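Chemist: Dropping a prediction and its sequence here:
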Amino acid sequence: MNRSVFATVLMGLVVVLAGCSGGVTDNTTTTAGAGNDVTTTTQTTALGEPYTASGDELDATTLAAAHEAALKNAGSFTNQLNISVDTTNGTLDLNATTRANLNDGTASQTNLLAFEEFRFESTVYTAGSSSYERTYFQSNDSEYTEYRQGSEPYSNIEEAEPVDVNDAMQIDIVTDTVDGADWTQVGVEQFDGVSVTRYEAKGVESFKDLREDIDPASNQTITNAEAVLLVDENGIARFIEIRFEVEDDDVSGTIYLISKVTDVGSTTVAEPDWLDRAKQS
């Protein structure tokens with residue numbers, strides 16, 4: 001199993017368990033899935049047939065290929081990725097929101113890292129062969145905003161780089177998530193106005209090789225692990241949530257990885273209000 005997804009979230013937990021003393025300000029709303037029922041939109045269409053027959057295993061390679069093909073065929077999508085580490089010592093949040101319209105070649109991506117007094121936010125807007133970026137940094141003793149622009153072939157390291165739309169499809173996360181757990185099909189429900197099949201994995205024993213991601217020399221113990229996967233009829237992994245509960249000596253923590261795909265086929269990308277400023281950079 002490719003352990004990049006699990007290793008990434010567990011590494012974040014190590015940082016917070018090591019002794020952060022403050023919280024993080026974050027404006028991202030997290031939808032619970034593994035611990036509670038997923039919040040779904042009002043039903044607008046009839047529930048469809050399950051993505052797989054009951055009892056059939058999910059195949060990571062097949063689902064990842066279907067997920068990628070369906071998003072490209074739809075022409076546009078929005079992806080929200082959140083990694084949240086919540087412990088008795090503090091909270092860390094990493095967020096990325098990408099809006100992509102493949103039909104007109106526009107895309108935007110905002111990445112946010114906030115930890116105690118530190119805040120870093122980067123927003124990139126790509127239109128055709130040109131890209132523009134605004135970077136905001138804040139700490140306890142400094143604050144600044146910078147702008148950059150870039151264009152094909154993006155050969156200058158100082159230029160703004162384009163939004164990587166393929167990366168925003170989260171193919172690796174889909175592959176690793178499906179391959180990394182033993183899934184049980186629960187039923188069919190609604191998410192973002194479409195019919196989806198719900199799969200769940202519960203208990204540490206349901207996650208293949210999960211313990212390999214914990215450093216044997218550490219005192220960390222995974223006390224619980226749960227995950228939810230929602231797949232629509234075209235194979236798009238509309239919602240993924242992975243939740244681990246970990247203990248390290250006297251400190252306990254919960255770590256979430258959540259990926260949501262919404263507005264498939266209806267996403268539009270607006271020009272940012274700082275575009276003219278970036279063009280002058």
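Modeler: Looks like it arrived, so ask away.

Chemist: use CA for all of it now, contacts and neighbours both
Modeler: Will do.

Chemist: On the three-state scheme, Ser155 is what?
Modeler: Secondary structure state of Ser155, per DSSP: H, G, I helix; E, B strand; the rest coil, is coil.

Chemist: all helices for the protein, in order.
Modeler: 4-17, 60-74, 165-168, 171-179, 275-279 (DSSP state H).

Chemist: deepest of the ones you listed, which one?
Modeler: Highest mean neighbour count among the helices of the chain (mean count of other Cα atoms under 10 Å): helix 171-179, with a mean of 21.

Chemist: Export that helix to CSV, keeping only CA atoms.
Modeler: Written as CSV, here are the backbone C-alpha positions of helix 171-179 (Å, rounded to 0.1, in the frame of the first residue of the first chain):
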residue,chain,number,x,y,z
ILE,A,171,-6.1,10.7,-7.6
ASP,A,172,-3.4,9.6,-5.1
ILE,A,173,-5.8,10.1,-2.1
VAL,A,174,-8.5,8.1,-3.8
THR,A,175,-6.1,5.3,-4.6
ASP,A,176,-4.5,5.2,-1.2
THR,A,177,-7.8,5.4,0.7
VAL,A,178,-9.5,2.6,-1.2
ASP,A,179,-6.4,0.4,-1.1
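
Chemist: Determine how far that helix lies from the middle of the whole chain.
Modeler: 12 Å (Cα atoms, centre = their mean, to the nearest Å).

Chemist: cool, and stretch 244-264?
Modeler: 11 Å.

Chemist: quick one: buried residues of it?
Modeler: 244-247, 252-262, 264 (16 or more other Cα atoms under 10 Å).

Chemist: cool, stretch 80-99 as well?
Modeler: Buried residues in stretch 80-99 (16+ other Cα under 10 Å): 80-87, 89-99.

Chemist: For that stretch, give the mean pLDDT please.
Modeler: The average pLDDT for stretch 80-99 rounds to 87.

Chemist: can you check stretch 171-187 too?
Modeler: 93.

Chemist: if we can go back for a sec, just flag the most distant two among the buried residues of stretch 244-264.
Modeler: Based on Cα to Cα, the longest span within the buried residues of stretch 244-264 runs between Glu247 and Val264 and measures 38.3 Å.

Chemist: Skip the chain neighbours and tell me the closest residue to Asn103.
Modeler: Gly75 (5.6 Å; Cα to Cα, 6 or more residues apart in numbering).
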